[in-house]
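Chemist: dropping a prediction and its sequence here:
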Amino acid sequence: MKGAWLKSPLIAKVIYTLVPLGVIGLMAWLVIKNRQMILQFPWQIHWPSLLLASAFHSLALLVTYWVWHLLIDRFSGFNDPWANLRIYYVSTLAKRIPSSIPYISGRLVLYRQVGVSSAVVLNSILLENLLLGIAGGFVLVIFWNLYTGEMPAYVAYSLAAIALALLTGIALRFDALRNLGNRLLRRLNLAELEHSPTARDFLLWTSLYALPWLLAGASLYFGVRGVTDSVRLTLGDALAISTLSTLVSLLNLILPVGFGLKEVSMSALLLPWMPTSVAILFSLAYRLLHTLDEVGWALLVLAISGRSRNIAGQNAQNPASQEK
């Protein structure tokens with residue numbers, strides 16, 4: 001019966017309830033803490049631009065979900081798109097909570113409910129973040145010439161070289177890495193990882209992961225246009241700033257802080273275009289916009305999946321209704 005409590009439906013209900021509530025509470029705390037600065041800022045709201053910023057972020061989230069679905073399917077054969085959608089959107093929302101513990105543990109517990117092993121989830125999380133970072137490095141160097149800031153070009157080219165080396169190493173030596181990981185899993189009495197992706201899988205996943213970086217750049221571009229008329233970022237500048245700050249935020253997976261890395265780096269990168277106080281406030285507002293977007297989608301997915309399960313349960317209890 002060891003670990004049987006992890007499969008209890010009550011655990012899933014607690015996670016699906018507490019994560020959105022926790023993130024909403026964190027948003028409220030951020031607004032209250034910074035209310036004076038928010039009230040004093042001369043906002044120049046342009047709603048169409050803000051809606052476009054939210055839409056591009058939503059599209060980026062949808063692409064990253066689809067790659068996650070492919071990862072889980074490849075490693076475990078679990079290919080229920082609705083279950084993966086529900087788990088992904090809620091656990092990704094948990095990234096907004098300080099530290100990576102709620103995000104990782106939430107996915108582990110929720111996938112335990114549907115019979116997917118911890119080895120599959122942990123390897124998928126690791127590959128998700130590695131391949132995202134690799135794709136971000138490639139996108140940055142490809143579009144670097146569009147950036148008008150003063151950052152040295154060797155930053156982008158160094159990231160691209162690291163990305164290429166990592167992708168090559170992972171694709172060619174994944175079996176060796178899997179065997180090394182399985183040795184550790186055996187010592188911990190955990191299920192081992194059985195399947196290995198092909199080089200074609202890595203190419204497909206990395207190519208798909210390039211899209212969210214482009215969409216995130218567009219989201220930042222319209223996000224700035226949506227709150228002020230006095231700052232005019234080019235699309236290339238927005239893409240570079242968004243990519244660099246998000247690459248920094250991937251460190252949340254291994255660092256204990258897990259909060260503010262993206263906002264601090266984005267604020268610093270925005271300084272050539274706006275004063276420090278404005279850059280900090282915009283980074284905060286941009287975080288709130290994306291968080292609100294993610295909360296909305298997570299709640300919608302939970303509502304739809306909950307309704308689908310209720311209908312399925314009613315049909316199972318009333319076979320006569322199916323005959324009609």
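Modeler: Received, thanks. Just so we're clear, the structure is a prediction, and the values are computed from it rather than from any experiment.
Chemist: could you use CA atoms for every contact and neighbour count after this?
Modeler: Will do.
Chemist: okay, now residue 231: neighbour count?
Modeler: Residue 231 has 11 neighbours, counted by other Cα atoms under 10 Å.
Chemist: and for residue 89?
Modeler: Neighbour number of residue 89 under other Cα under 10 Å is 21.
Chemist: is it true that it touches residue 300?
Modeler: No: applying Cα atoms under 8 Å, one finds residue 89 not in contact with residue 300, separated by 9.9 Å.
Chemist: check the contact lists of the two and give me the overlap.
Modeler: Shared contacts of residue 89 and residue 300 (Cα atoms under 8 Å, 6 or more residues apart in numbering): none.
Chemist: work out the gap between stretch 29-49 and the centre of the chain.
Modeler: Centre-to-centre, stretch 29-49 and its host chain are 24 Å apart (Cα atoms, centre = their mean, to the nearest Å).
Chemist: hmm, who's touching that stretch?
Modeler: 222-223, 225-229, 278, 281.
Chemist: and those residues, which of them are buried?
Modeler: 222-223, 225-228, 278, 281 (16 or more other Cα atoms under 10 Å).
Chemist: picking that back up, which ones among the contacts of stretch 29-49 map onto helices?
Modeler: Judged by DSSP state H, helices contain the following of those: 222-223, 225, 278, 281.
Chemist: and which of those residues is nearest residue 253?
Modeler: residue 281 (24.8 Å; Cα to Cα).
Chemist: and the closest one, what does it touch?
Modeler: 37-38.
Chemist: so residue 209 touches residue 61, yeah?
Modeler: No: shown here, residue 209 and residue 61 do not form a contact pair, counting by Cα under 8 Å, at 10.5 Å.
Chemist: more neighbours, the two?
Modeler: Of the pair residue 209 and residue 61, residue 209 is the one with more neighbours under other Cα under 10 Å, namely 24 against 19.
Chemist: how close does that one get to residue 261?
Modeler: Residue 209 is 21 Å from residue 261, where distance means Cα to Cα, to the nearest Å.
Chemist: residue 206 now?
Modeler: Counting by Cα to Cα, the separation of residue 206 from residue 261 is 24 Å.
Chemist: again with residue 220
Modeler: The gap separating residue 220 from residue 261 is 16 Å, by Cα to Cα.
Chemist: give me the more crowded residue out of these two.
Modeler: When residue 220 and residue 261 are compared for neighbours, residue 220 comes out ahead with 26 against 18, by other Cα under 10 Å.
Chemist: next, give phi and psi for the more buried one.
Modeler: Phi and psi for residue 220, reported as degrees, to the nearest 10, are phi -60, psi -40.
Chemist: could you verify my assumption that it touches residue 53?
Modeler: Yes: look at residue 220 against residue 53 with Cα under 8 Å: they come within range, at 6.6 Å.
Chemist: tell me the confidence at residue 268?
Modeler: Per-residue confidence (pLDDT) for residue 268: 89.
Chemist: what about it, distance to residue 283?
Modeler: According to Cα to Cα, residue 268 stands 10 Å off from residue 283.
Chemist: what pLDDT does the model give residue 37?
Modeler: pLDDT recorded at residue 37 is 78.
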